[in-house]
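*Asks:* Have a look; sequence and predicted model below, questions after that.
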Amino acid sequence: MSGAATARESAQSGFSLVEVLVAFAITALAMLAAFQAFGESAGRLARSTEALRRTEEAAALVAGLAAEPLAVGRRSGRFRDGTPYEIRIEDAAAALGAGATGTRLRVVGLWQGPAPFRLVLRTALVGGSGG
C-alpha cells in the first residue's frame, strides 16, 4: 500500500497545465495594466513638461513687455515651436470695473492659439501712459 500511495503523491505533485496557463494569463493581464499605466504616465509627463516650457516662454515674453510703454491693445507672434500667440493688454481700471482714470496699471494676458485661443498667462504690469 505504501507503493501505491507514493505513486499517487508523485502524480499529484506540481501544477497542471491549466493552472500554469491561468497563472500566465493573470500575470499577462497585470503586466498589460502596468504597461498601460506607465504609458499614460509618460504621456502626462510630456504634456506637463511642454506646458511648463510654454509658460516659461510666455513669462519671458511678458517680462520683456515691462521694459517698454504698455499701450492698450493686442499683439501677436509665434512661440519658438511656431504655435501662434496673442498678447492682450488692457487698462486695469477697465478690466476691474473701477472708475479710476490715468492709471498705469495694465492687465496683460498671453493667449495660445490657434483659435480658439487658450489663456497661458495673465498678470498685471505697471507701464504705459494712459492709452
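*Replies:* The structure has been received and is ready for your questions.

*Asks:* ok, which stretches of the protein are strands?
*Replies:* Counting by DSSP state E, the chain has strands at residues 73-78, 84-91, 105-112, 118-126.

*Asks:* what ranges of this structure fall below the confidence cut-off?
*Replies:* 1-12, 95-103, 128-131 (pLDDT under 70).

*Asks:* Which single helix of it contains the most residues?
*Replies:* helix 17-65 (DSSP state H).

*Asks:* rewinding a little: indicate which one of the strands of the chain is closest to residue 40.
*Replies:* The closest approach between residue 40 and any of the strands of the chain, judged by Cβ to Cβ, belongs to strand 118-126 at 22.3 Å. Where C-beta positions appear, they are placed from N, C-alpha and C, glycine not excepted.

*Asks:* Report the angle between the closest one and helix 17-65.
*Replies:* 30 degrees (axes from the mean of the first three to the mean of the last three Cα atoms, to 10 degrees).

*Asks:* what's strand 118-126 packed up against?
*Replies:* helix 17-65, strand 105-112 (3 or more Cβ pairs under 8 Å, 6 or more residues apart in numbering; DSSP states H and E).

*Asks:* which one of the ones you listed has the most crowded surroundings?
*Replies:* strand 105-112 (a mean of 20; mean count of other Cβ atoms under 10 Å).

*Asks:* Cool, thanks, talk later.
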